[in-house]
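*Asks:* Using only what follows, build the 3D model:
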Amino acid sequence: MADREIVCKDCGETFIFTEGEQEFFREKGFENDPVRCPSCRRAKKQRQRD
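*Replies:* Alright, predicted model coming up:
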C-alpha cells in the first residue's frame, strides 16, 4: 500500500491519504476512500452538531 493523493469534493484541494490512514480505515471496516480533506471533514462534523 502506498500514500494516495485524493481531491476533496468540497474544497477541491488535494490531500494525502497515508498508508496509516488507509490501514485505520480498513480496520474500522470502511470500504471507500475519504472524499473530503481532514479540515472539510471537521467542518462537516461541526455543522452536523450545530
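
*Asks:* Mind pulling up the pLDDT for residue 21?
*Replies:* On pLDDT, residue 21 comes in at 95.

*Asks:* That one: what secondary structure?
*Replies:* Here residue 21 is recorded as helix under DSSP: H, G, I helix; E, B strand; the rest coil.

*Asks:* any idea how far it is from residue 6?
*Replies:* 10 Å (CB to CB, to the nearest Å). Every residue, glycine included, has its C-beta placed from N, CA and C.

*Asks:* Which neighbours do the two have in common?
*Replies:* residue 34 (CB atoms under 8 Å, 6 or more residues apart in numbering).

*Asks:* who's in contact with the spatially most central residue of the chain?
*Replies:* With distances taken as CA atoms, centre = their mean, residue 34 lies nearest the centre of the chain, 3.5 Å away. For residue 34, the contact set (CB under 8 Å, 6+ apart) comprises 6, 17, 21, 25, 41.

*Asks:* Make JSON lines from those residues and add secondary structure, distance to residue 47 and neighbour count to it.
*Replies:* Below are the contacts of residue 34 laid out as JSON lines (DSSP: H, G, I helix; E, B strand; the rest coil; distance: CB to CB, whole Å; neighbours: other CB atoms under 10 Å):
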{"residue": "6", "secondary structure": "strand", "distance to residue 47": "21", "neighbour count": "15"}
{"residue": "17", "secondary structure": "strand", "distance to residue 47": "22", "neighbour count": "16"}
{"residue": "21", "secondary structure": "helix", "distance to residue 47": "22", "neighbour count": "16"}
{"residue": "25", "secondary structure": "helix", "distance to residue 47": "22", "neighbour count": "15"}
{"residue": "41", "secondary structure": "helix", "distance to residue 47": "11", "neighbour count": "15"}
